[in-house]
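Chemist: using only what follows, build the 3D model:
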Amino acid sequence: MPFLLLPRRRAFLGTALSALALPFLARPAAAQGEGAPLPILATTAMLGDLAGRIGGPRIRLEVLMGEGVDPHLYRPSREDMARLPRASLVLAHGLGLEGRMAPALARPLPVATLSEEVPPANLLPAEAGQDPHLWMDLSLWSLVAARIATRLKALDPAGAPLFEANLSDLQEELRSLDAWAIRTIPTIPEPRRVLVTAHGAFAYFARRYGIEALSLQGTHPEAEPSPRRIREMADMLAARGIGTVFLESSLPDRPLRAVIEAAAARGHRVVIGGELYTDAMGGSGTYEGSYPGMMDHNLATITRALGGEAPERGFAGRLARVS
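Modeler: Model prediction:
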């Protein structure tokens with residue numbers, strides 16, 4: 001189901017979302033009128049895409065953060081604050097991802113913090129708490145999809161057969177892409193199997209698919225890195241002979257370009273392997289603007305840039321381009 005992306009707004013520096021782990025308050029479908037679609041609000045497009053695919057025509061979906069918006073830095077507008085209590089269910093990540101939204105969500109709202117419902121043994125540590133970037137592991141995001149289906153069935157029992165069928169189709173698509181990723185990343189020559197990005201969004205990806213992930217900043221980027229950190233990264237790339245870095249669609253490219261220049265000053269050439277989707281997906285209405293498309297793009301871009309074997313148009317043959 002296509003979903004509505006609310007207007008993009010300026011992002012601001014965030015704080016931890018510790019108040020987001022609120023109890024789920026079921027609001028029956030009948031409260032919205034019999035047969036009326038359930039109003040569902042997702043904080044990010046990664047959650048919204050799952051909800052739209054599972055809920056289909058039985059939900060009316062809105063997404064707060066659209067293309068290119070970094071959830072770490074997002075601050076809700078007054079319009080967003082008014083919209084939250086009108087939803088039958090608010091889908092959020094938790095684990096500190098939507099840091100600036102903590103005050104907006106620290107109210108008696110029907111909030112589901114889905115990353116916090118994944119078994120703790122699956123979670124990775126971060127510099128403060130746990131890493132929220134679960135969607136970088138297709139198998140973990142499939143677990144989150146199942147949690148969304150459970151929430152929708154509680155709100156709309158009559159829709160359960162549809163939700164279950166849609167969930168099954170979605171999980172099969174994710175299983176196929178996950179299996180392809182497990183086969184594809186190892187085609188990268190082992191010395192080149194290093195993924196360098198602006199911030200630490202790829203720890204789950206690295207664990208699942210067998211690649212080393214390095215980043216200029218941690219999991220919660222709050223400011224541009226210092227000149228000292230840029231020099232340290234340039235030194236490390238030169239010392240290890242790493243020649244490729246990747247930009248991110250939701251973060252400025254200036255810091256990594258500064259690293260490239262600093263490495264060049266040391267006589268070491270570093271190139272940009274492409275732009276990845278990390279904390280936001282591609283454009284609305286595009287394949288890359290879906291969760292499977294986002295991951296297909298990342299997998300194909302990383303594999304090809306680092307010397308592995310992947311089709312130019314990705315696993316599904318639907319990518320617009322791969323750098």
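Chemist: mind listing what's buried along stretch 63-83?
Modeler: 63-76, 80, 83 (16 or more other C-beta atoms under 10 Å). Every residue, glycine included, has its C-beta placed from N, CA and C.
Chemist: and those, which is closest to residue 317?
Modeler: Nearest to residue 317 among those is residue 67, at 22.7 Å by C-beta to C-beta.
Chemist: before we move on, what SS does that closest one have?
Modeler: coil (DSSP: H, G, I helix; E, B strand; the rest coil).
Chemist: quick revisit: ok, so of the buried residues of stretch 63-83, who is nearest residue 219?
Modeler: Of all the buried residues of stretch 63-83, residue 219 sits closest to residue 72, with 8.4 Å by C-beta to C-beta.
Chemist: by pLDDT, give me the weakest of the buried residues of stretch 63-83.
Modeler: For these, the weakest pLDDT value sits at residue 68, with 71.
Chemist: isn't that residue right up against residue 252?
Modeler: No - taking contacts as C-beta atoms under 8 Å, residue 68 lies outside contact range of residue 252: 10.8 Å.
Chemist: the stretch 151-300 of the chain: helices as residue ranges?
Modeler: Ranges of helices within the stretch 151-300 of the chain are 160-184, 203-209, 227-240, 254-265, 291-305, based on DSSP state H, counting those that start in this stretch.
Chemist: which helices and strands does the shortest one pack with?
Modeler: Using 3 or more C-beta pairs under 8 Å, 6 or more residues apart in numbering; DSSP states H and E, the elements in contact with helix 203-209 are helix 138-155, helix 160-184, strand 212-215.
Chemist: what stretches of the stretch 201-323 of the chain score poorly on pLDDT?
Modeler: Scanning the stretch 201-323 of the chain for pLDDT under 70 picks out 321-323.
Chemist: now do the strands in the stretch 1-150 of the chain.
Modeler: 4-5, 38-44, 59-65, 89-92, 111-113 (DSSP state E, counting those that start in this stretch).
Chemist: tabulate these (TSV), appending distance to residue 141.
Modeler: Below are the strands of the stretch 1-150 of the chain laid out as TSV (distance: least, C-beta to C-beta, whole Å):
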stretch	distance to residue 141
strand 4-5	19
strand 38-44	12
strand 59-65	16
strand 89-92	13
strand 111-113	15
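Chemist: still on that earlier bit, out of the helices and strands packed on helix 203-209, which is the most enclosed?
Modeler: helix 138-155 (a mean of 21; mean count of other C-beta atoms under 10 Å).
Chemist: what's the angle from that one to helix 291-305?
Modeler: On the basis of axes from the mean of the first three to the mean of the last three C-alpha atoms, to 10 degrees, helix 138-155 is oriented at 170 degrees to helix 291-305.
Chemist: same for helix 138-155, what does it pack against?
Modeler: The contact analysis (3+ C-beta pairs under 8 Å, 6+ apart) places helix 138-155 against strand 38-44, helix 45-55, strand 89-92, strand 111-113, helix 160-184, helix 203-209.
Chemist: of all the ones you listed, which lies closest to residue 136?
Modeler: Using C-beta to C-beta as the measure, helix 203-209 is the one of these that comes nearest residue 136, at 3.9 Å.
Chemist: thanks a lot, see you next time.
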